[in-house]
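Chemist: what's the 3D shape of this:
(2 chains)
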Amino acid sequence: MRTVHRKARRSVAFAAAALIALAGCSTGGDSNAGGNDGGEGLPPDVSSAKLRQHAIDSLKGKTAAFVPVGLGTPLTEEWARQMKRGFEAAGMKFVVRDPNWDTARQAEAVQSLINEKPDVLVVHNFDVQVLAKLIQQAEKAGIYVIQINMVSNYKSDAFVGADTIELGRRIATDIVKVCGKGTDTSHKVQIVQGDATSGFTLDVMAGAKEVFDKHPEIKIVSTQAANWDRTKAHDITATVIQQHPDLCASWGFWDQMQYGAATAIKEAGKIDQVKVFTSDHSSITCEALRDKLFYQSYGYSVPTQGADIVAIAKQLLQSGRPPGSSRIADYTPLVKIDRTNWDEPNMCYDGKTDGLTVS
Amino acid sequence: MTATVPRLRLGSRPPERNVPANETLVIKLRHLRRRIALQQVFAELFEKRWMEPAIPLALLIGVFVFFSATTPGFASQENLLSTSAELAELSLVCLGMAVVVISGGIDLSVGSMFGLCNMAVILLVTLSGLPVPVAIALGLLIGALLGSVNGSIVAYLKARPFLTTLVTLIIFRGVLNLLDLNYSAQTATVFVTDPVWEWFGTGKVAGIPFSFVTLIGVLIVGHIVLSRSRLGWHITAVGASRRAARHAGIRVERVLLISYVFSGLLCALAAIFYASRLSSASARVGEGMELTVLTAVILGGISLSGGKGTVWRAFIGAATISLLGKGLLLMNVGGEVFQTVLAAVLIVAVGLDLKWGKNRGKAIQKTYVNPTIVEYGELQDTRPGSGTPFEQNDRLVGAEAIGLGQVEGPEDVILDKQGRLYCGTRQGWILRFSGENFEHREIFARIGGHPLGLAFDAEENLVVCVAGMGLYAVTPQGEVRKLTDETNRNWLQLRDDSRLRLADDLDIAPDGKIYFSEATTRFEMADWILDGIEGRPNGRLLCYDPATGKTRTVIRNLVFPNGVCVSHDGKSLLIAQTWLCRILRFHIDGPDKGRLEVFMENFPGYLDNINRASDGAYWVALNGMRSPAYDLAMRMPTFRRRMMKRIPRDEWLYPSMNHGCVVKVSEQGEVLGTWWDPGGTAHATITSMREHGGYLYIGGLENNRIGRIKLDEAEPTASSSGRAVRSVAGSAAN
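Modeler: Residues are numbered from 1 along each chain as shown, chains lettered A, B, ... in the order given. Sure thing, here's the model as predicted:
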């Protein structure tokens, strides 16, 4: 039920945003009226039939393409699933290109999509640089580009994802709460990053730095990049836990990856002492919380991110604005999940089912 | 004054086959059909060196065609151009790997070197503040250094390449991770706008990405270095056999070091393009690349055991993988499927390539010989008492044996003015027998090959047709000089026939021009008999002009032209054709110049050499006799093909070569007499005879002696060893 509510609320918000955008544009004159048969051209008293026709015409037969860093994880599968559902319901075509965690192949995939010219391109940036030039090219080629969760140096029409800086702040704050001054701990914290040049890593680190700078008692004993890889996270953590048996917290930037770190800590027999922090809320998070591997995680409404992208794409396509002329950021709500609330409905997702409840 | 080489007159040529008296249209059409030999085209195509990578190339074309047909947007110009930029990077790394593999090693660290160079160049460009060209040069240097680390360990510490590069893979990756952790976040926010950097990343030459243009340059240079330079040969030699290379004086260590440095350098070059294109300073770059590269190199058909491969093969492999990946990506196939498809393609391609490499020779062998119809006229009876001109007699019985057991395979024999006897041998020597009874044997010259036809020119030089080598001359002092070993190529066929393969017999015209036959351009000396099974016009008549030093093909497409002899009047050539059992007359002078006609046909045996007799007649050697069974087989090409396919070679039906005779024919084409050795105990296969001083000297391709009989009717002073009548005048005119 909650999701529905939230969805409804967001839809209203978007409608409002769209209206504001329309209003803003119409006062800006009809500079691009000749191009797209822009929504701004529709008067407020347009008939419902005409509005409907305009919406349908703007979407029908259009193509949306999605390039994640790699399919096969609940995160990317869930996005793809939601987008497929949303785009196809709107009469659009939806294609996915899977680079399978290969930077160069992701660039290739985007490059070939630019050649094919879909109408909307959704990218999940490997790092802040790799697609920067290509996103620019895509927008020049007349493609709306929406970035998801991991941002690029080049900001495109829209960004949908967690407010990663805020996420960093919140988790850091939580860590300070359990490991900081006044706690009977070593204050030692391990950080397991994703790719060091990933937008997600950079932003979360920026948020974390703000907090930790104010709390000098927190000792970051290790900051290493496990590149979103569970095995790597496991191996790094297994070493760190040996060097620092009194570790207070281990913070990994993604649940799929951090599960490896948690396993290493459990293997070392320290899972009760070391608090494992992470973010994202795929079913592994709920299971790990249930099994007392994770201490807490932050969900960022992954299922609705997919739906949001569809909504923003619809808005962009109907707006009549040329690609590259908007800069929208849609930060999805952050929900803390811990050992007390993991079993509530819709806390976690698995990339396959709606309304998943882990028990 | 030098007369021009006679050209074959158009329309003056008899059909290159035996024409039966009452030939019907059906038979004519049958012949026509048999003349077309697609199989032969295939066999000759397969024989080409450049057909070796046929399977990889076919696969590449197959991949391209498949995706062009099934995937929209694949064959578009934009896609191919953007693919070419990515392909260039992969190809450069593959090229480096290929060099190392050809040198007998393996470089597993290419992925790490690529990643490390990428990182290093990005750090240099973004953080160091160095000018971009300097940063790029430093990047290349770093690549070369990394390669030299591999190279020194492998070459000088004698470590195994597999283990060494596996270790450096980990070490380089470790350094990369370290750099990634400490610096890459700082590079992430730096935008480089240097024009040189931009040019490397997105520059285009005539619409083609700069990286691809560079790749083409590197490929061409690499090809020249690998196939034409000393270094390239050394690399190949070391890869083929390190020990042999060392014994040959090659500095193996240095060659190995250089090949690894090449690999590092090319990785760095590829990384520079990658870095400038994507600016992605990630530790992930190049991860698992060694497998892709190795797959590409193997797919291209570069042997992992070393010593074999070209830059083009590396490129073909890289292009196949690159296009395959791109096509699958465009087909929206998941990444894990790509790995599986890659593995499947690799297995299939490597399997096929192995089979191809293994069986190509066999396939050529199976399809190379392409029998056609050879018709013969009615076979004359040669039995004693038959009363025919070819009736067997015993005139060769009791022939003196010269050099018995001292000579192997004297195909032709000749005597000089002092009466010394010369012959070629299977060892490639020219032997000379002198003394009253030719008891003194000496090796006059060592040429090589298998010397066949012999003739003396005006300056007493011995001109020799050497099978496998060409036309040679030996001075009276025994010095060997090559006259020619090539002629103009026939561009209408795949097989390069410019080299002389089986120069057979020669004679020298009055004007000094040397006419010689090349029996077949399709078979080597060892396989000359296969030409008989085939029965196609594979031979030719050539003319070497000593005045110009040029060789020209006078008549091509002759069925095994063997003996060549200038007629007594010096105006025509007699050409004996072994498998057609006939003699042609080719007019080289006079009103009929350029005309080719049949002089005599339907001999009961296979003809070999032909020489002038002292009395105005000609001597003809029959090296074997026809038989009804084999005549029938020659009429049935499908039978012969089946025979070659189904039964081992030593059980094939061959033309009979174990009993022949000498025939004397007149200028008018009548048979004047025959000389037989019944049972063939001393002279089984007679390939030549030479009349000199009242004696007839007899040579045989497989014989262990030279025979000599006294001729009753010959004038004792005359010699058939000399040149045709007008020779003196001719040479004076020269």
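Chemist: what packs against whichever helix or strand residue A:112 is part of?
Modeler: If you go by DSSP states H and E, residue A:112 is part of helix A:103-116. Here helix A:103-116 touches strand A:63-67, strand A:120-123, helix A:132-140, helix B:77-102, helix B:252-278, helix B:311-330, going by 3 or more CB pairs under 8 Å, 6 or more residues apart in numbering or on different chains; DSSP states H and E. C-beta coordinates here come from the backbone N, C-alpha and C atoms, glycine included.
Chemist: rerun that using 6 Å as the cut-off
Modeler: Identification of packing neighbours for helix A:103-116 by 3 or more CB pairs under 6 Å, 6 or more residues apart in numbering or on different chains; DSSP states H and E yields strand A:63-67, helix A:132-140, helix B:77-102.
Chemist: next, the angle helix B:311-330 makes with that helix.
Modeler: Angle between the axes of helix A:103-116 and helix B:311-330 is 70 degrees (criterion: axes from the mean of the first three to the mean of the last three CA atoms, to 10 degrees).
Chemist: distance between helix A:103-116 and the chain's centre?
Modeler: Averaging C-alpha positions (CA atoms, centre = their mean, to the nearest Å) puts helix A:103-116 20 Å from its chain's average.
Chemist: for stretch B:355-371, same thing?
Modeler: With CA atoms, centre = their mean, you get 14 Å for stretch B:355-371.
Chemist: quick one: the helices in the stretch 601-734 of chain B?
Modeler: B:628-635, B:637-646, B:727-733 (DSSP state H, counting those that start in this stretch).
Chemist: domain ranges for chain B?
Modeler: B:78-312, B:400-733 (automatic domain parsing).
Chemist: meant to ask about chain A
Modeler: What automatic domain parsing lists as the domains of chain A is A:2-162+A:303-329, A:164-299.
Chemist: end to end, how far does the last one reach?
Modeler: When you say that, I think you mean domain A:164-299. Using CA to CA, to the nearest Å, the end-to-end distance of domain A:164-299 comes out at 11 Å.
Chemist: if you drop the residues flanking it in sequence, what lies closest to residue B:128?
Modeler: Take residue B:128 and drop its neighbours on the chain: the residue closest to it by CB to CB, 6 or more residues apart in numbering or on different chains is residue B:135, 6.9 Å away.
Chemist: next, the buried residues of the longest helix along chain B.
Modeler: Using DSSP state H, we find that the single longest helix of chain B is helix B:335-368. By neighbour count with 16 or more other CB atoms under 10 Å in any protein chain shown, helix B:335-368 contains the buried residues B:335, B:338, B:342, B:345-346, B:349-350, B:352-353, B:356, B:360, B:363-364, B:367-368.
Chemist: where's the dip in pLDDT among those residues?
Modeler: Least confident by pLDDT among those: that is residue B:335, with 66.
Chemist: which ones are touching the residue nearest to residue A:299 when sequence neighbours are not counted?
Modeler: Nearest residue to residue A:299, sequence neighbours excluded (CB to CB, 6+ apart): residue A:281, at 3.1 Å. Applying CB atoms under 6 Å, 6 or more residues apart in numbering or on different chains to residue A:281 gives the contacts A:299, A:337, A:348.
Chemist: what about the last one, how many residues nearby?
Modeler: Look at residue A:348: counted by other CB atoms under 10 Å in any protein chain shown, it has 27 neighbours.
Chemist: how many residues are close by the residue lying closest to it once chain neighbours are set aside?
Modeler: With CB to CB, 6+ apart as the criterion, residue A:348 has its nearest non-adjacent residue at 4.0 Å, and that residue is residue A:286. If you count neighbours by other CB under 10 Å, residue A:286 ends up with 27.
Chemist: tell me the buried residues in the helix or strand encompassing residue A:286?
Modeler: In this assignment (DSSP H and E), residue A:286 forms part of helix A:283-290. Going by neighbour count (16+ other CB under 10 Å), the buried part of helix A:283-290 is A:283, A:284, A:285, A:286, A:287, A:288, A:289.
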